[in-house]
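A.B. asks: I would like the atomic coordinates for the input below:
(chains A, B, C and D)
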There are 2 protein chains.
Amino acid sequence: MRIGELSERTGTPRRLLRYYEEQGLIVPDRCRNGYRAYDERLVDRVMQIRGLLEAGLPTRIIKQILPCLDKPRVIHFSDATPEMIATLTRERDRMTERIQCLTRNRDAVAEYLDAVVGNLRPDAAPEASPGPSYEVPANSAT
Amino acid sequence: MRIGELSERTGTPRRLLRYYEEQGLIVPDRCRNGYRAYDERLVDRVMQIRGLLEAGLPTRIIKQILPCLDKPRVIHFSDATPEMIATLTRERDRMTERIQCLTRNRDAVAEYLDAVVGNLRPDAAPEASPGPSYEVPANSAT
DNA sequence: TCGAACCCTCACATTGATGTGAAGGTCAAG
DNA sequence: CTTGACCTTCACATCAATGTGAGGGTTCGA
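C.D. replies: Now for the predicted structure:
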């Protein structure tokens, strides 16, 4: 497929697809006329890239971990230098930290929301703890 | 404490502490001489901010979710406008997506690492062995 | 043959999070 | 009083990710 279709299917601006290529994250073929030709599998890959970028990983790191994520478990020993192992280990741990931080804070936000909508919408929420120190204003329904 | 101590205790450049203040994420007092005076609790708060930034949240969003995270569960109903509820819900869901994306990819990296160090020596310095790619025979769990 | 809808490269602009440094005020110790 | 280690504000620089558009080629259907 060409860049326009990939762009639509991934919700990614063409500009960024070219940028990811420039950063070495994806490597499309070229048609005879110079147009980029993307493999079907790049749809998933692009969304994976976007997710990782969204989660704060820089392209430099994404480029390094992408080869680990291919379906047929193939170990490229040329990539398995000591530095690469160290990098991957470090990134794995950093990702774990991010996950923990995000989880903690997501749960706190969710708890807050439960408390708020529990007061505003008594039909949708299960019983929250009896209100310790927050007060319900007299607000109109919905 | 003053900015230098907070900087050291959080591993955060002074520049960034002033930046976070400019963005409304932290609000230090001021001594009579104009120096910023930080409360002890800001140590945790700054590290929380850094974690969230690291995880890809912009300061604009962090500013909005921070008030939900205070220990004594106090609902500020002035913040509980419909737009605020919508924002928090959206951000909660985005955080969940990030967590899922990070978890998937972290696990893949971890699996890859397990396979690699499972073949090399898990503890000693691995050797830089040039060579082609190998298919790793079906490996069991660690 | 023309126009619309694609594609290309190149290049500059912007945004958010940072780095860096200048010019100067405060304060404790020598 | 001076020096050094703090602090202040201001401002410009950088970096990665992204926006935007100019200038131009390709393909296809009316």
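
A.B. asks: Every contact and neighbour count from this point should use C-alpha atoms.
C.D. replies: OK.

A.B. asks: burial count for A:Pro58?
C.D. replies: 12 (other CA atoms under 10 Å in any protein chain shown).

A.B. asks: biggest helix in chain A by residues?
C.D. replies: When chain A is parsed with DSSP state H, its longest helix is helix A:82-120.

A.B. asks: For the spatially most central residue of chain A, give me its contacts.
C.D. replies: Central residue of chain A (CA atoms, centre = their mean): A:Gly51, 2.1 Å from the mean position. Residues counted as contacts of A:Gly51 (CA atoms under 8 Å, 6 or more residues apart in numbering or on different chains) are B:Arg98, B:Cys101.

A.B. asks: cool, A:Arg14 as well?
C.D. replies: The contact partners of A:Arg14, by CA under 8 Å, 6+ apart, come to A:Ile3, A:Gly4, A:Ser7.

A.B. asks: Could you do A:Asp107 as well?
C.D. replies: Counting by CA under 8 Å, 6+ apart, A:Asp107 has no contacts.

A.B. asks: give me the low-pLDDT residue ranges for chain A?
C.D. replies: A:78, A:119-142 (pLDDT under 70).

A.B. asks: For beta bridges, what are the partners of A:Arg36?
C.D. replies: Using DSSP bridges, the bridge partners assigned to A:Arg36 are A:Arg30.

A.B. asks: was I right about it contacting A:Glu21?
C.D. replies: No: in this structure A:Arg36 lies outside contact range of A:Glu21 using CA atoms under 8 Å: 10.3 Å.

A.B. asks: so what's in contact with the two at the same time?
C.D. replies: Listed as contacting both A:Arg36 and A:Glu21 by CA under 8 Å, 6+ apart are A:Pro28.

A.B. asks: in stretch A:29-41, what's buried?
C.D. replies: For stretch A:29-41, the neighbour count (16 or more other CA atoms under 10 Å in any protein chain shown) marks A:Arg36, A:Tyr38 as buried.

A.B. asks: So is that stretch next to DNA strand C?
C.D. replies: Yes: using CA under 7 Å from any atom of the strand, we find that stretch A:29-41 touches DNA strand C at A:Gly34, A:Tyr35, A:Arg36.

A.B. asks: can you redo these as CSV with distance to A:Ala86?
C.D. replies: What follows is those, written out as CSV (distance: CA to CA, whole Å):
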residue, distance to A:Ala86
A:Gly34, 39
A:Tyr35, 38
A:Arg36, 35
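
A.B. asks: quick check, nearest of these to chain B?
C.D. replies: A:Arg36 (27.3 Å; CA to the nearest CA).

A.B. asks: OK, contacts around that closest one?
C.D. replies: Applying CA under 8 Å, 6+ apart to A:Arg36 gives the contacts A:Arg2, A:Ile3, A:Pro28, A:Asp29, A:Arg30.

A.B. asks: Point me to the residue of chain A nearest DNA strand C.
C.D. replies: Going by CA to the nearest atom of the strand, DNA strand C is nearest to A:Gly4 of chain A, at 3.2 Å.

A.B. asks: and that residue, what does it touch?
C.D. replies: Contacts of A:Gly4 were listed using CA under 8 Å, 6+ apart, and they are A:Arg14.

A.B. asks: what's the helix or strand for it?
C.D. replies: For A:Gly4, the enclosing helix or strand under DSSP states H and E is helix A:3-10.

A.B. asks: Tell me which helix or strand comes right after that helix.
C.D. replies: helix A:14-22.

A.B. asks: what's stretch A:83-95 in contact with?
C.D. replies: A:Ile61, A:Gln64, A:Ile65, B:Leu102, B:Thr103, B:Arg106, B:Val109, B:Ala110, B:Leu113.

A.B. asks: I appreciate the help and will end here.
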